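*Asks:* here is the input, now give the coordinates:
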Amino acid sequence: MPGVTQQAVGYPSLFLLVLLGALVPVIPTGVLVSSTSVVALHHNPFNLLLVFGTAALAAFLGDVALYWLGQRGMRSKNGSRWLDALRDRAPADRLAQARRGLENRRIPLLVLSRLVPGGRIPVMLACLMAKMPLRVFVRGNAPACLAWALTYQLVGILGGSLFPEPWQGVVAAVALTLLISGGPPVWRRLRGERGADEGDAPPAGTGDTEEGRARA
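*Replies:* Residues are numbered from 1 along each chain as shown. So this is what the prediction gives:
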């Protein structure tokens, strides 16, 4: 009975949180999927299928709802707060890169955007700006959500298989998920700051040349 009660509460909660995380991308949905997978692995491995299906369906419905709301904003003269939120979360360089990628490979780019940290919103906004029909977006977003759910579930399985206690596996899965999702953005930021510093520094030998000219 306790196991049935946990399932009755746990899976709807997972569904709602992942759905909300797709609409408002501030909830660490990858952490939810990986940690829930750890618990399922230790209690009943067959429940991993339920975790996978619940997470993929919730992510898919959330993405489709957000894209539909974005389309309404694009058609409206005054825009919408949903469209403004997408624009605020899409850096100009990532958006330009996504728009170039849409010219040649739409479906693969949608799949990749779900797996690359910070890639979903710029690609979705690029699709909106390119006036991609909702049915085309749905066709590309379905495999993207399946791949996303499977990836983070594998992270949870890896973390859960390393330790005998579920809580230890959850900690390991959360750490792995945060490393995967947070590592690339931090690296890009560090590279950007380093490139800016190098761009501001004067070329080697400039000061000597100017000083020599002054003496001459």
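*Asks:* got any ranges where the chain has weak pLDDT?
*Replies:* 1-9, 162-178, 180-216 (pLDDT under 70).
*Asks:* check which residues of stretch 48-60 are buried.
*Replies:* Counting neighbours by 16 or more other CB atoms under 10 Å, one finds that the buried residues in stretch 48-60 are 48, 50, 51, 52, 54, 55, 56, 57, 58, 59, 60. Any C-beta I mention is one placed from the backbone N, CA and C, and that applies to glycine too.
*Asks:* ok, stretch 107-126 next?
*Replies:* Residues of stretch 107-126 classed as buried: 109-114, 118-126 (neighbour count, 16+ other CB under 10 Å).
*Asks:* sitting in helices, which of those do you find?
*Replies:* Secondary-structure check on the buried residues of stretch 107-126 using DSSP state H: residues within helices are 109-114, 120-126.
*Asks:* and residue 18, helix, strand or coil?
*Replies:* Following DSSP: H, G, I helix; E, B strand; the rest coil, the label given to residue 18 is helix.
*Asks:* picking that back up, what's the most distant pair in the buried residues of stretch 107-126?
*Replies:* Comparing every pair within these by CB to CB identifies 111 and 125 as the most remote, at 16.9 Å.
*Asks:* geometric centre of the chain: which residue is closest?
*Replies:* Using CA atoms, centre = their mean, the residue of the chain that lies closest to the mean C-alpha position is residue 117, 4.3 Å off.
*Asks:* what comes into contact with stretch 65-78?
*Replies:* Among residues not part of stretch 65-78, those counted as contacts by CB atoms under 8 Å, 6 or more residues apart in numbering are 22-23, 79-80, 82-84, 86, 124-125, 127-129, 131, 134, 137, 141.
*Asks:* if you count neighbours, what's buried in it?
*Replies:* Of the residues in stretch 65-78, those scored as buried under the neighbour-count criterion (16+ other CB under 10 Å) are 66, 67, 69, 70, 71, 73.
*Asks:* check stretch 83-102 too.
*Replies:* By neighbour count, and taking 16+ other CB under 10 Å as the criterion, the buried residues in stretch 83-102 are 83, 85-87, 89-90, 94-95, 97-99, 101-102.
*Asks:* and it, how far from the chain's centre?
*Replies:* From the chain centre to the centre of stretch 83-102 is a distance of 13 Å (CA atoms, centre = their mean, to the nearest Å).
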